[in-house]
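Novice: structure, please.
(4 chains)
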2 protein chains.
Amino acid sequence: MASANDNLLTLIADAMPDLSKSEKKVASAILADPEAATRSSIAVLASLAQVSEPTVNRFCKKFNATGFPDFKLNLAHCLASGIRYVSQNVEARDSVETSTSKIFNSTISTLSLVRDKLPPDLIVRVVDQLIQARRIHFFGLGASSSVAKDAEHKFFRFNLPVSFHEDVLMQRMLAASAAAGDVFFIISYTGRTMELVEIAELAQANGATVIALTAPGSPLATASNLLIAVAVPEDTDEYMPMTSRIVHLVVLDALATGVTLRRGPEFQSHLKKIKDSLRATRFPSDEA
Amino acid sequence: MASANDNLLTLIADAMPDLSKSEKKVASAILADPEAATRSSIAVLASLAQVSEPTVNRFCKKFNATGFPDFKLNLAHCLASGIRYVSQNVEARDSVETSTSKIFNSTISTLSLVRDKLPPDLIVRVVDQLIQARRIHFFGLGASSSVAKDAEHKFFRFNLPVSFHEDVLMQRMLAASAAAGDVFFIISYTGRTMELVEIAELAQANGATVIALTAPGSPLATASNLLIAVAVPEDTDEYMPMTSRIVHLVVLDALATGVTLRRGPEFQSHLKKIKDSLRATRFPSDEA
DNA sequence: AAGATTTTGTAATAAATTTACATGGCTGGG
DNA sequence: CCCAGCCATGTAAATTTATTACAAAATCTT
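Specialist: Below you'll find the predicted structure:
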């Protein structure tokens, strides 16, 4: 998934030392204002960099583009995939309209970042574990407890033996009586909550599988058998984990869907049954 | 904030009925393969759409572009941010890798759709209600109960008088004893759950304010004083409300942030205190 | 059904990009 | 130290691409 043109800008910045004199000029002209570069013609950019047009063209070809327009396209692509959500942080003087749009934008850009960074086979491996599990426990505390709760609700529909706990004592007791075949799915934004780390270690010591949905490099990540690492650069100082929670939920959606797909079509009818059971509690919808 | 080039593809799709015959041809050629359109020259696209080149050019100008190249850039921008108008529905024969990426993409595109469709002042109006409230109850059932729980958790940090209930009897009792100044924030994907609609009506009859985060045109929407309408085209037949839940959470993030901003800077210190109170339960982070 | 208006296409023009080639500066061997 | 050869860069021409001006066709109005 993460193809070569992953981040053209860093690619250019990294290549700087190896470039010739006028190529450096082109590079810095682009890096100075990449946004503008995507809008300029080759002539404008050339004069901006104080070089000739073919130099710019040759520069583009060096970076895996077929020509200048193609290069601009790649550049636009990499800019849009939101490497620079820097400006998206909510500030105290923002209007509510602005902050709302910033929140949406940063959530979107984080999701697309994670989508590109997530190892494609990781979800598959986790799905394998979940399907085989004798029992699955979803644990989370604080903001992550509602994520864990949501996971339970989702996986319950799949007729998997799931449970959810936000009570540390319950979590600890379950971890203490864990055995091979049990899966402990532990969700934490920071991965630094001591209780959860201890519980993970305890469960693992008893032969259970610990799957962690948390920050890479955190104690919890270390204490897990299988890690879904989500690194969300968040301004947690003033506000709270918001985006990370969303990402966690979407990852769980992906896992749940993966499980359904693996179960095959005969399983679809089971889901239909659950849906139908809810019908009686609802007002009829317009189309039905 | 929702600037013109925000979501070009849906813009085109929406404008379809108003377009002339050959403009429709151009539109469908672009929508059929937007990725390709960004790479083609105007000549290629024109022959693909079976129209003349100036027709394509005029088409571009209709969509707030200065010309064809500018249009391509906008298109690329909107593609890169993962904004696909097409329903990226998961299909039974998809691999887990494919379904995962589809789930991310459809979540992203739904978020950007809602961002553009949400009336800018609506969040402001809801924030006003929340700040003034004597008491705020977050209600949700099923999948929405974890959303409501999350809302409680978030707003609790703001020192607002919040509560969360997923028990229908509790909800009904609270609605029955409601009074002016109480806010009932009811979350439901379908807006057709009878219990919740009755509870909304009951609360409103007692003079409380009912804020609904639900589907437009639903019974619950009708029974509310203030409606945050989220229309998510979802393939609920086979899978469950997933995207809608995410959208609901992001909307609540926006509301929570709106409340903080309104409270002003002296309130920030209160949040800091809560954050600090959690420190003791955590492993120290690397940088701290 | 004739005139007016809008839509679409043709052809000419202008712009932008690429290629081919020439020049200048640098490097290394004599 | 100088000259041959090579690489980097620029110039100018060719080509591709986009835009404009205008005419023809289609549609709508009266």
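
Novice: pick out the residue of the stretch 51-200 of chain A closest to DNA strand C.
Specialist: Relative to DNA strand C, the nearest point of the stretch 51-200 of chain A is residue A:67 (1.8 Å; Cβ to the nearest atom of the strand). For the C-beta atoms, the positions are set from N, CA and C on the backbone; glycine is no exception.

Novice: now do the same contact list for that residue.
Specialist: Residues in contact with residue A:67, defined by Cβ atoms under 8 Å, 6 or more residues apart in numbering or on different chains, are A:57, A:60-61.

Novice: residue A:136 too?
Specialist: Per Cβ under 8 Å, 6+ apart, neighbours of residue A:136: A:130, A:155, A:160-163, A:182-183, A:185.

Novice: top of these by number of neighbours, please.
Specialist: residue A:185 (29 neighbours; other Cβ atoms under 10 Å in any protein chain shown).

Novice: that one contacts residue A:209, doesn't it?
Specialist: No. Taking Cβ atoms under 8 Å as the definition, residue A:185 is not a contact partner of residue A:209, at 9.1 Å.

Novice: please enumerate the strands of the stretch 151-288 of chain A.
Specialist: A:162-165, A:182-187, A:209-214, A:226-229 (DSSP state E, counting those that start in this stretch).

Novice: I'd like those strands as CSV, with distance to DNA strand D appended.
Specialist: Converted to CSV, those look like this (distance: least, Cβ to the nearest atom of the strand, whole Å):
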stretch, distance to DNA strand D
strand A:162-165, 54
strand A:182-187, 48
strand A:209-214, 45
strand A:226-229, 40
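
Novice: mean pLDDT and distance to residue B:134 added to those strands, as CSV?
Specialist: Below are those laid out as CSV (pLDDT from 0 to 100; distance: least, Cβ to Cβ, whole Å):
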stretch, mean pLDDT, distance to residue B:134
strand A:162-165, 93, 32
strand A:182-187, 96, 34
strand A:209-214, 95, 38
strand A:226-229, 94, 42
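
Novice: got JSON lines for these, with distance to residue A:37 too?
Specialist: Conversion of those to JSON lines gives the following (distance: least, Cβ to Cβ, whole Å):
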{"stretch": "strand A:162-165", "distance to residue A:37": "50"}
{"stretch": "strand A:182-187", "distance to residue A:37": "41"}
{"stretch": "strand A:209-214", "distance to residue A:37": "38"}
{"stretch": "strand A:226-229", "distance to residue A:37": "33"}
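
Novice: stretch A:57-67: which residues count as buried?
Specialist: A:57-60, A:62-63, A:65 (16 or more other Cβ atoms under 10 Å in any protein chain shown).

Novice: any idea of the mean pLDDT in that stretch?
Specialist: Average pLDDT, stretch A:57-67: 87.

Novice: could I have it exported to PDB, CA atoms only?
Specialist: Provided in PDB are the C-alpha atoms of stretch A:57-67 (Å, rounded to 0.1, in the frame of the first residue of the first chain):
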ATOM      1  CA  ASN A  57      11.700  19.200 -16.300                       C
ATOM      2  CA  ARG A  58      14.800  17.100 -15.700                       C
ATOM      3  CA  PHE A  59      14.400  17.600 -12.000                       C
ATOM      4  CA  CYS A  60      10.900  16.200 -12.200                       C
ATOM      5  CA  LYS A  61      12.000  13.100 -14.100                       C
ATOM      6  CA  LYS A  62      14.500  12.400 -11.400                       C
ATOM      7  CA  PHE A  63      11.700  11.900  -9.000                       C
ATOM      8  CA  ASN A  64       9.800   9.200 -10.800                       C
ATOM      9  CA  ALA A  65       7.600  11.500 -12.800                       C
ATOM     10  CA  THR A  66       7.100  11.300 -16.500                       C
ATOM     11  CA  GLY A  67       7.300  15.000 -16.800                       C
END
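
Novice: which residues of the stretch 151-288 of chain A score low on pLDDT?
Specialist: A:233-241, A:264-288 (pLDDT under 70).

Novice: quick check on residue A:66: phi, psi?
Specialist: phi -80, psi -20 (degrees, to the nearest 10).

Novice: what does the one 10 residues further on give?
Specialist: Main-chain dihedrals, residue A:76, degrees, to the nearest 10: phi -60, psi -40.
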